[in-house]
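Student: please find the sequence and the predicted model below.
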Amino acid sequence: MAELNNLDEGSQALDFVITASNGNEVSLSNFLVSPLLLFFYTKNDAPDCARLLCDFRDHFSEFKSLGFRILGISIETLDSHNKAITKHGIPFLLLCDKNMKISRLYGVYKPRFVEGIKVWGVERSTYIIDEKGVIIKIFRNVKSPGHIEDVLEFIRSKKPPSL
């Protein structure tokens, strides 16, 4: 199963409609009234992913003061997202990409090798998208700790709100 797109910095973000953790159907365009951090991760309770969720949570106020919205997206269910939101106190929406459609669309559903066996999964990635829908920065294969600091450093090096 191949990835459908490999979006580059400077390209237009691809719009989508998906179920959010609040139960509503949302589209990317709903959030482009300000710059957006769209991050992809695998599972809510995988240690590295939970840490990433909590890192975004811990810096939520700072991102908000810089004019950014945050959306997390994974292949988890609505129930799993809501458990993670409650458990970790997540203040932003998590999007349910159960069929991996958006992960494929954004080119983050990729093969990797585990103990020599090729398996498919979501590559943790963060897209910084401006209010016009242009992808201005992509962080691929992100690791926590350290990722949030890299994102903040990049944002601070630009001039908000138009980046």
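Tutor: Now that the structure is in, tell me what you want to look at. Numbers count the residues shown, from 1 in each chain.

Student: any idea how far Arg57 is from the residue nearest to Phe60 when sequence neighbours are not counted?
Tutor: Computed as CB to CB, 6 or more residues apart in numbering, the closest residue to Phe60 that is not its neighbour in sequence is Pro91, at 5.1 Å. (C-beta placed from N, C-alpha, C; glycine too.) In this view, Pro91 and Arg57 are 6 Å apart by CB to CB, to the nearest Å.

Student: between those two, which one's more packed in?
Tutor: Neighbours per residue (other CB atoms under 10 Å) separate Pro91 from Arg57, with Arg57 holding more: 17 against 12.

Student: for the more buried one, give me its contacts.
Tutor: For Arg57, the contacting residues are His88, Gly89, Ile90, Pro91, Phe92, by CB atoms under 8 Å, 6 or more residues apart in numbering.

Student: by neighbours, which of those wins?
Tutor: Ile90 (21 neighbours).

Student: that residue against Leu53, yeah?
Tutor: Yes: at 5.9 Å, Ile90 counts as touching Leu53 under the criterion of CB atoms under 8 Å.

Student: tell me, what's touching these two both at once?
Tutor: Gly72, Ala84.

Student: where does the chain dip in pLDDT?
Tutor: Within the chain, the stretches with pLDDT under 70 are 1-6, 159-163.

Student: now the strands for it?
Tutor: Counting by DSSP state E, the chain has strands at residues 17-20, 25-27, 36-40, 69-74, 93-96, 109-114, 117-122, 125-129, 135-140.

Student: centre of the chain to the fifth one, how far?
Tutor: With CA atoms, centre = their mean, to the nearest Å as the basis, strand 93-96 stands 9 Å off its chain's centre.

Student: ditto for stretch 55-69
Tutor: 13 Å.

Student: first to last residue in that stretch, what's the distance?
Tutor: For stretch 55-69, the first-to-last residue distance is 15 Å (CA to CA, to the nearest Å).

Student: report the buried residues of it.
Tutor: Within stretch 55-69, the residues that count as buried by 16 or more other CB atoms under 10 Å are Asp55, Phe56, Arg57, His59, Phe60, Phe63, Leu66, Phe68, Arg69.

Student: of the residues you listed, closest to Val26?
Tutor: Using CB to CB, Arg69 comes nearest to Val26 of these, at 11.3 Å.
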